[in-house]
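Chemist: Structure for this input, please:
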Amino acid sequence: MFWSLQKLDLATQPMSDTLLCLRDEQWKHVRSVLTLSFTVARMQEMCPLINQGCDILLSNLQLFADSGEACNIQRCYACYTMDIVTSLAFGTKVDSQSDPDHPLVQNSKKFLELFTPFKPLVLLTMAFPSIMIPIIRRLPNKNRSQINSFFHQFIKEMISLRDQQPANERRRDFLQLMLDARTSAANVSVEHFDIVNQADVAAHVREEPSKKTTKTLNEEEILGQTLIFLIAGYENTCSLLSFITYLLATHPQCQEKLLREVDEFAQNHDGANYNTVHDLPYMDMVISESLRMYPPAFRFAREAAADCTVMGCNISAGTVLEIPIICMQNDPQYWEEPETFRPERFTAEEKQKRHPFLYLPFGAGPRSCIGMRLAMLEAKIALYRILQKFCFETCPRTQIPLQVFTGPTLRPKDGVYVKVVAR
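Modeler: Now for the predicted structure:
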């Protein structure tokens, strides 16, 4: 009934080919292909690339630990997530901290700036959509055209390079998984798109040899998905890690409990990967509680596919419903002392006591966040690697309470300043 997202009339290629903008059968086709890129096996393949990004992050944090200076941890995480996204989505290793002028880093940042909500033209469009949208569609946009041209050429060259490489030499990243899908007969049905609430979609994959060419992605669609990967994977994961760090620094008892779990984990495992991070239950609770209090995707919209009645309200087809998950997740009617950081809310016993739709940081249903597993994996590996070597303390520049900015996503307004202390 509410499968479609709000229609984005301003979207042009390649954004119009992303999961955020696609609808109906084309959305099902692309989602089916991409869902296979986020199975447990695929996540495990990406762990080495995530750990490479962590190596650079730890080197940067060591500088602050040595100097004792206040660290805006949000900037460090921004570099980390940029490095991970460019590595996984565009198949290119960069160090955005040491090499901020790398063409891929520069164009990625310019692309993200296109979505700044408080530019005058964007504000006018939001206020007068019926007038402004037809005008904007006809206005030349040199900056957008240059950025699109860069990414088109970049992806085209990467695809050509990968096709020339032997299969065993190709990087196991998001880009390669999409390219592999060009020759795959695997298919995932709509009822198994909700990876947020399913253990592993791989169990529901079926092979359809007779439809071998129906589930491929063209070049535009591949570029579109890499760009949405950039949008969703950069700021959201950066904000999640920033909020967690703030909460740990301001709640030393919780941090100490997590440090003990990390130390015990290190004694029993060679390292953190998709199969082992499940042995960090308290870390999972810490992340979940942070997502409850500060969900980066703090609201989402769904469009009614047909006339319906919900709780006595008649809703016409095409009506867009706004779901303010940050309000639901901080409502004292459902959460005792919601302003208090309490990871124990997410023990197995406590989760059974409440309705599952009171906690929706990644949405639910077929339109749920396809990258949920990857976002959690990035956060867990980063936290584990960091807390092995460092802990966080408040400092004179730590903002308490933390001020947040509510734009397209929720993020710290003025950064998160903490002291990085070597263990």
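Chemist: How about residues contacting stretch 240-249?
Modeler: 73-74, 77, 80-81, 254-255, 258, 286-287, 289-291, 293-294, 296, 341, 375, 379, 382-383, 391-394, 398, 402, 411-412, 415-416, 418-419 (Cβ atoms under 8 Å, 6 or more residues apart in numbering). In short, each C-beta sits where N, CA and C put it, glycine included.
Chemist: What average pLDDT does it get?
Modeler: For stretch 240-249, mean pLDDT rounds to 98.
Chemist: pLDDT below threshold where in the stretch 1-150 of the chain?
Modeler: Applying pLDDT under 70 to the stretch 1-150 of the chain flags the ranges 1-14, 115-142.
Chemist: As a check, name the ranges of all strands in it.
Modeler: Taking DSSP state E, counting those that start in this stretch, the strands of the stretch 1-150 of the chain run over residues 4-5, 71-72.
Chemist: starting at the chain centroid, how far to the last one?
Modeler: Strand 71-72 sits 22 Å away from the centroid of its parent chain (Cα atoms, centre = their mean, to the nearest Å).
Chemist: How about stretch 58-76?
Modeler: 24 Å.
Chemist: thinking again about what came up before, which of the contacts of stretch 240-249 are buried?
Modeler: 73-74, 77, 80-81, 254-255, 258, 286-287, 289-291, 293-294, 296, 341, 375, 379, 382-383, 391-392, 394, 398, 402, 411-412, 415-416, 418-419 (16 or more other Cβ atoms under 10 Å).
Chemist: Which of these fall within strands?
Modeler: Of these, the ones assigned to strands by DSSP state E are Cys391, Phe392, Arg411, Pro412, Val418, Lys419.
Chemist: just checking, the last one touches Ala70?
Modeler: Yes - here Lys419 reaches Ala70: they are 6.4 Å apart, a contact under Cβ atoms under 8 Å.
Chemist: joint contacts of those two?
Modeler: Cys395.
Chemist: number of nearby residues for Ala348?
Modeler: Number of residues near Ala348 (other Cβ atoms under 10 Å) recorded here: 8.
Chemist: Now it: phi and psi?
Modeler: Main-chain dihedrals, Ala348, degrees, to the nearest 10: phi -60, psi -40.
Chemist: Need the pLDDT of His222.
Modeler: For the record, residue 222 is Ile, not His. With respect to pLDDT, Ile222 scores 85.
Chemist: How about the helix or strand where it lies, which residues are buried there?
Modeler: Assigning secondary structure by DSSP states H and E places Ile222 in helix 219-250. Going by neighbour count (16+ other Cβ under 10 Å), the buried part of helix 219-250 is 221-250.
Chemist: Tell me where the chain has helices.
Modeler: 24-35, 40-67, 73-90, 103-113, 120-127, 129-138, 142-164, 174-180, 219-250, 252-268, 281-293, 325-328, 348-352, 372-389 (DSSP state H).
Chemist: Report all helices and strands that the second one contacts.
Modeler: If I follow you right, that is helix 40-67. helix 73-90, helix 372-389, strand 417-422 (3 or more Cβ pairs under 8 Å, 6 or more residues apart in numbering; DSSP states H and E).
Chemist: now swap in the third one and tell me
Modeler: Helices and strands in packing contact with helix 73-90 are listed as helix 40-67, helix 103-113, helix 142-164, helix 174-180, helix 219-250, helix 372-389, strand 417-422; criterion 3+ Cβ pairs under 8 Å, 6+ apart.
Chemist: Show the average pLDDT along the shortest one.
Modeler: In this model, strand 417-422 has an average pLDDT of 98.
Chemist: Which of the helices and strands packed on helix 40-67 has the highest mean neighbour count?
Modeler: With neighbours defined as mean count of other Cβ atoms under 10 Å, the helices and strands packed on helix 40-67 peak in mean count at helix 73-90, which reaches a mean of 24.
Chemist: burial of Arg170, as a residue count?
Modeler: The burial count for Arg170: 16, using other Cβ under 10 Å.
Chemist: got the contact list for it?
Modeler: Taking Cβ under 8 Å, 6+ apart as the test, what Arg170 contacts is Arg162, Gln176.
Chemist: switch to 10 Å and redo it
Modeler: Going by Cβ atoms under 10 Å, 6 or more residues apart in numbering, Arg170 touches Gly91, Leu161, Arg162, Asp163, Gln176, Leu179, Asp180.
Chemist: Look up how far Ala41 lies from the nearest residue to the fifth one once chain neighbours are set aside.
Modeler: Pointing back at Gln176 there. Leaving out its chain neighbours, the residue that sits closest to Gln176 by Cβ to Cβ, 6 or more residues apart in numbering is Arg170, at 5.2 Å. Per Cβ to Cβ, to the nearest Å, Arg170 is found 16 Å from Ala41.
Chemist: Look up how far Ile50 lies from the residue positioned nearest the centre of the chain.
Modeler: The residue lying closest to the centre of the chain (Cα atoms, centre = their mean) is Gly233, at 3.7 Å. Per Cβ to Cβ, Gly233 is found 11 Å from Ile50.
Chemist: taking the mean pLDDT, what do you get for stretch 279-298?
Modeler: 97.
Chemist: For that stretch, list the C-alpha coordinates in PDB.
Modeler: C-alpha atoms of stretch 279-298 as PDB (Å, rounded to 0.1, in the frame of the first residue of the first chain):
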ATOM      1  CA  ASP A 279      29.900 -11.300  19.400                       C
ATOM      2  CA  LEU A 280      29.800  -7.600  20.500                       C
ATOM      3  CA  PRO A 281      26.300  -7.500  21.900                       C
ATOM      4  CA  TYR A 282      26.800  -4.400  24.100                       C
ATOM      5  CA  MET A 283      28.200  -2.500  21.200                       C
ATOM      6  CA  ASP A 284      25.100  -3.400  19.200                       C
ATOM      7  CA  MET A 285      23.000  -2.000  22.100                       C
ATOM      8  CA  VAL A 286      25.100   1.200  22.200                       C
ATOM      9  CA  ILE A 287      24.700   1.700  18.400                       C
ATOM     10  CA  SER A 288      20.900   1.000  18.600                       C
ATOM     11  CA  GLU A 289      20.400   3.400  21.500                       C
ATOM     12  CA  SER A 290      22.300   6.100  19.600                       C
ATOM     13  CA  LEU A 291      20.100   5.500  16.500                       C
ATOM     14  CA  ARG A 292      17.100   5.800  18.700                       C
ATOM     15  CA  MET A 293      18.100   9.200  20.200                       C
ATOM     16  CA  TYR A 294      19.800  10.600  17.100                       C
ATOM     17  CA  PRO A 295      18.600   8.800  13.900                       C
ATOM     18  CA  PRO A 296      20.500  10.300  10.900                       C
ATOM     19  CA  ALA A 297      17.500   9.400   8.700                       C
ATOM     20  CA  PHE A 298      15.100  11.100  11.100                       C
END
